[in-house]
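Engineer: Pasting a predicted model and its sequence here:
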Amino acid sequence: MTKDDGDLGAEGVGTREEIAVEGAAEGYLELFRRYEVDYVFGSPGSEYVPFWEFLAKAQVEGKGPTYVNARHEGIALAMAKGYTMATGRPQVVLLHVSFGLLHGAMEIKALYNDNIPMLILAGQNVTHEEEVWGGSGGPHYLAFTEVGGTQRLVQPYVKWCTAPHTNLNTSHLLARAFRVALSEPQGPVFILLSRELLFEQTKTMTMPTKIDPPTPIQADPRALTQLANLLLEANNPIIYTRYLGRNPHAVPCLVELAELLAIPVVETPAYMNFPTDHPLHVGYDLAPYLADADVILVIDSSGWPPWYPPRSVLASSKAKIVFLDVDPAQLKYPYWGYPADLLITADSAHAVPALVEALTPLVARRHGLRVQREERLDRWRQEGAAKRAGWRRDALKAQDGPSIDARWFCYVLNEVMADDTILVNETITHWRVINRYVEKNRVKPGTRFEGAGASASAGLGQGLGVALGLKLANPGRTVIALEGDGSFNYNPVLAGFGLAQKYQLPFLTIIFDNQSYAAMKHHPRYYAAGWSVREHIYHGVYQEPKPEYTKVAEAFGGYAEMIEDPAAVKPALIRGLNHVKEGRLALLDVILPKP
């Protein structure tokens, strides 16, 4: 049955459908299906009984979405994050009232920092005297409410939030939430749903006409022409990116741009942005190239800046600086301060191909430029080959040491893993070594994901959840979570391994275990002759006594082993990967030297 809405304003247009339901929560689930939600992730909360009831009905009827009982709010959000990173489709996460929201606050900020779209729901009570069926959960619910509304707890870290008061418009608000989440810059949205609305025994719900999110942001053609001219006239241009690869089809366009003018590419990878076997991939540190660069093109760098401090580049480089991003001014940060000669607001997936199209005929007409291009390409090819040969020598030399060297371990991991392996890197001390040596899986788009952002800029404790979400989206591929022992301790490990066991999502966890928070050992830098250095008392660094991490994986039916001998690295990795292929959770605790 349908009826004419007339003018629905911003919330819908044209005809809407009225559907029969057994309760309001069933109507919400139908809307989720229409917005391509595959999974509802949740940590148990009593206000979600209506969702559970109608998710059970959907399961019996062979419909989606599927419910994932995440056991911890952080895991729920991180798992949904990984799934969305792999698919591009925002999922739904249920958080239990104010306390559950606070449990997931770091992960919500990470979604915001990393521009990940998601619909987050939390519950509340608006009546406390049992006036409405399902409304009052007991006296403890008084403590679950916040003056000014629970949304105040996370409002700075979501794009948009609201709290509907009637089911007459809740479906329209939910539909709008998906559109807002998917509009650029993408990010999480939050809706506070009362128990009274969730439990309402309505018999009909209206389904608004689905409206696609806004079209991609196209660059100003004049700005692209200006950028094209800067690149044409440059002798030493360079490109930096962080998350261009969130749109996998943009990666070959970036390769085409780089090859057109032989422009080297530096990345701090949140995704697979540029094939690492390409001669123009020159690594992960822009600093060595700043002095010689005359044009620096920064594409999609939100969440992790290209250099630091922001204005330090002015002392080492005279280059023209261009930022191309859906939000080049980075409005989410109270301080940004990066100098720029040109800010281009655009979706890189559309702007980079347009830039290539503008440059191609201009390059073809310039013989001198083509010669210069070949000279540059030869230079970067030689430099890259020499650099990789040096890395290989260092790794092979390290295999003969008395303990496992991270370079040797990563070199072997790169040898034994399959090309289509999905890797999640949540390390701090070793992330540069990992980026340098583990690159077999970074030749094709869609194989690399930094679960907590570069060097954990979005917060430690998300790696296992992101790995689970990626495995959920790619059940036929091997997923490896690389964890420092510090970051592993921040993860909800019991909830994560429990999910892997329950939902048959086997993945390999590798702990880079130097028995410390090595990144915290700054004492000699600030107090070279101080008490810590003199007495070898380093508070905030060492984790003692060392836990038996292998026991945790075994508790959930997993395979685990601890390795200390460099000669044991390859067979242990093969055993671990084989167990994962056979459908079993696996963990390797790799003992590295203490700092």
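Structural biologist: Looks like it came in fine. Note that this is a predicted model, so its numbers are computed, not measured.
Engineer: going forward, measure contacts between C-alpha atoms and count neighbours the same way
Structural biologist: Fine.
Engineer: neighbours of residue 235, just the number please.
Structural biologist: Neighbours of residue 235 under the rule other Cα atoms under 10 Å: 18.
Engineer: just checking, it touches residue 294?
Structural biologist: Yes - if you go by Cα atoms under 8 Å, residue 235 and residue 294 touch, sitting 6.7 Å apart.
Engineer: Can you tell me the SS state at residue 418?
Structural biologist: coil (DSSP: H, G, I helix; E, B strand; the rest coil).
Engineer: what residue ranges in this protein score low on pLDDT?
Structural biologist: 1-15, 443, 446-457 (pLDDT under 70).
Engineer: need the longest helix for it.
Structural biologist: helix 367-398 (DSSP state H).
Engineer: which parts of that helix are buried?
Structural biologist: By neighbour count with 16 or more other Cα atoms under 10 Å, helix 367-398 contains the buried residues 369, 370, 373, 376, 377, 380, 381, 384, 391, 392, 395, 398.
Engineer: Please dump those into TSV; it should also carry distance to residue 97 for every row.
Structural biologist: Output for those, formatted as TSV (distance: Cα to Cα, whole Å):
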residue	distance to residue 97
369	62
370	62
373	59
376	58
377	57
380	55
381	56
384	53
391	50
392	52
395	50
398	51
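Engineer: tell me the two of those residues that are most distant?
Structural biologist: Using Cα to Cα, the two most remote members of these are 369 and 398, lying 43.2 Å apart.
Engineer: quick one: residue 581 from residue 472, how far?
Structural biologist: Residue 581 sits at a distance of 15 Å from residue 472 (criterion: Cα to Cα, to the nearest Å).
Engineer: Settle it for me: which of those two has more neighbours?
Structural biologist: Neighbours of residue 581 and residue 472, each counted by other Cα under 10 Å, are more numerous for residue 472; the result is 23 against 16.
Engineer: Which helix or strand contains the more buried one?
Structural biologist: Using DSSP states H and E, residue 472 sits within helix 463-473.
Engineer: Likewise for residue 209?
Structural biologist: Residue 209 belongs to no helix or strand when elements are defined using DSSP H and E.
Engineer: neighbours around it, how many?
Structural biologist: Other residues lying near residue 209 total 16 when counted by other Cα under 10 Å.
Engineer: wait, it sits on residue 18?
Structural biologist: No - applying Cα under 8 Å as the test, residue 209 and residue 18 come out as separate, 10.8 Å apart.
Engineer: so what's residue 98 closest to, chain neighbours aside?
Structural biologist: Nearest residue to residue 98, sequence neighbours excluded (Cα to Cα, 6 or more residues apart in numbering): residue 144, at 5.5 Å.
Engineer: how close does the one you found sit to residue 197?
Structural biologist: 17 Å.
Engineer: got it, and residue 140?
Structural biologist: Between residue 140 and residue 197 the distance is 19 Å, computed by Cα to Cα.
Engineer: neighbour count winner among the two?
Structural biologist: residue 197 (24 against 9).
Engineer: On the three-state scheme, the more buried one is what?
Structural biologist: Under three-state DSSP, residue 197 comes out as helix.
Engineer: Spell out which residues sit in contact with it, please.
Structural biologist: Residue 197 is in contact with 24, 165, 166, 167, counting by Cα atoms under 8 Å, 6 or more residues apart in numbering.
Engineer: any idea how far the last one lies from residue 102?
Structural biologist: Here the distance between residue 167 and residue 102 works out to 26 Å (Cα to Cα).
Engineer: on that earlier part again, could you double-check that the residue nearest to residue 98 lies in contact with residue 124?
Structural biologist: Yes - if you go by Cα under 8 Å, residue 144 and residue 124 touch, sitting 6.9 Å apart.
Engineer: Residues that sit against both of those two, list them.
Structural biologist: 97, 98.
Engineer: Comparing these two, which shows the higher neighbour count?
Structural biologist: Legend: neighbour count by other Cα under 10 Å for residue 144 and residue 124, higher for residue 124 (26 against 16).
Engineer: so what's the more buried one up against?
Structural biologist: 47, 97, 98, 141, 144, 145, 150, 192, 193, 194, 195.
Engineer: so where do the helices sit in the stretch 451-595 of the chain?
Structural biologist: With DSSP state H, counting those that start in this stretch, the ranges of helices along the stretch 451-595 of the chain come out as 463-473, 485-490, 493-502, 523-526, 531-535, 549-555, 569-581.
Engineer: now those helices as TSV including distance to residue 266?
Structural biologist: Below are those laid out as TSV (distance: least, Cα to Cα, whole Å):
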stretch	distance to residue 266
helix 463-473	24
helix 485-490	26
helix 493-502	33
helix 523-526	28
helix 531-535	36
helix 549-555	36
helix 569-581	30
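Engineer: hey, which of those is tucked in deepest?
Structural biologist: Comparing those by mean neighbour count (mean count of other Cα atoms under 10 Å), helix 463-473 ranks first with a mean of 29.
Engineer: what is the orientation angle of that one with helix 493-502?
Structural biologist: For helix 463-473 against helix 493-502, the angle by axes from the mean of the first three to the mean of the last three Cα atoms, to 10 degrees is 20 degrees.
Engineer: in terms of contact, does residue 301 touch residue 239 like I think?
Structural biologist: No - Residue 301 is beyond contact range of residue 239, at 11.0 Å (criterion: Cα under 8 Å).
Engineer: what comes up buried for the helix or strand containing residue 100?
Structural biologist: Assigned by DSSP H and E, residue 100 belongs to helix 97-103. By neighbour count on 16+ other Cα under 10 Å, the buried set for helix 97-103 is 97, 98, 99, 100, 101, 102.
Engineer: Quick one: the helices in the stretch 51-200 of the chain, in order.
Structural biologist: Going by DSSP H, counting those that start in this stretch, the stretch 51-200 of the chain shows helices at 73-87, 97-103, 105-113, 170-182, 195-199.
Engineer: count of neighbours near residue 319?
Structural biologist: Residue 319: 22 surrounding residues under other Cα under 10 Å.
Engineer: Contacts only, for it.
Structural biologist: Contacts of residue 319 by Cα under 8 Å, 6+ apart are 290, 293, 294, 295, 296.
Engineer: Count the neighbours of the third one for me.
Structural biologist: The number of residues packed around residue 294, counting by other Cα under 10 Å, is 21.
Engineer: and what of the one 4 residues further on?
Structural biologist: The burial metric for residue 298, expressed as a neighbour count using other Cα under 10 Å, is 24.
Engineer: Just the element for it, please.
Structural biologist: Using DSSP H and E, residue 298 falls within strand 295-299.
Engineer: Can you list the strands that that strand pairs with?
Structural biologist: strand 237-241 (parallel), strand 320-325 (parallel) (DSSP bridges).
Engineer: Pick the most buried one from these.
Structural biologist: Comparing those on average neighbours, where mean count of other Cα under 10 Å defines a contact, strand 237-241 leads with a mean of 25.
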